[in-house]
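Quick check, what structure comes out for this input:
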Amino acid sequence: MTPRTLLATAPCLILALLTLGYLAVCIAAPFGRCRTCTGTGRKRSPLGRIRRECRRCAGTGLRLRVGRHAINHIKDEYQAAKR
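Coordinates of the predicted model:
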């Protein structure tokens, strides 16, 4: 490979590796920490005194990753097409 070809293909290869790595993480660990409550399941009220259940994660502290949403959607569409 010439240096010019290597420079042209390196970003594509890096992007492909990052994407495959993220999909592997989504398969291995489909849930991530909730960003709103930082994984505690509780969030402070607007006045800052009372801690309430987080509405985004329903108090679990976990949320489904974006990549896992995509994987689930693709699986659902595939199952629907098979019927």
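
For the spatially most central residue of the chain, what are phi and psi?
Centrality entry for the chain: nearest residue to the mean C-alpha point is residue 65, 2.6 Å, by Cα atoms, centre = their mean. Phi and psi for residue 65, reported as degrees, to the nearest 10, are phi -70, psi 150.

And the helices in this structure?
Remark: helices assigned in the chain by DSSP state H are 3-28, 66-82.

Quick one, which of the ones you listed gets closest to residue 37.
helix 66-82 (18.0 Å; Cβ to Cβ). Backbone N, C-alpha and C define where each C-beta goes, glycine included.

Can you list the strands that the helix or strand of the chain with the lowest mean pLDDT pairs with?
Of the helices and strands making up the chain, the lowest-confidence element is strand 42-44, at a mean of 85, by mean pLDDT, DSSP states H and E. Strand 42-44 has the following strand partners under DSSP bridges: strand 51-53 (antiparallel).

buried sites along the partner strand?
For strand 51-53, burial by neighbour count (16 or more other Cβ atoms under 10 Å) applies to no residue.

Now do that strand: distance to the chain's middle.
24 Å (Cα atoms, centre = their mean, to the nearest Å).

what comes into contact with it?
41, 42, 43, 44, 45, 59 (Cβ atoms under 8 Å, 6 or more residues apart in numbering).

again, only using 10 Å
Contacts with strand 51-53, where a contact means Cβ atoms under 10 Å, 6 or more residues apart in numbering, come from 37, 40, 41, 42, 43, 44, 45, 59, 60.

cool, stretch 34-48 as well?
Residues from elsewhere that reach stretch 34-48, judged by Cβ under 10 Å, 6+ apart: 32-33, 50-63.
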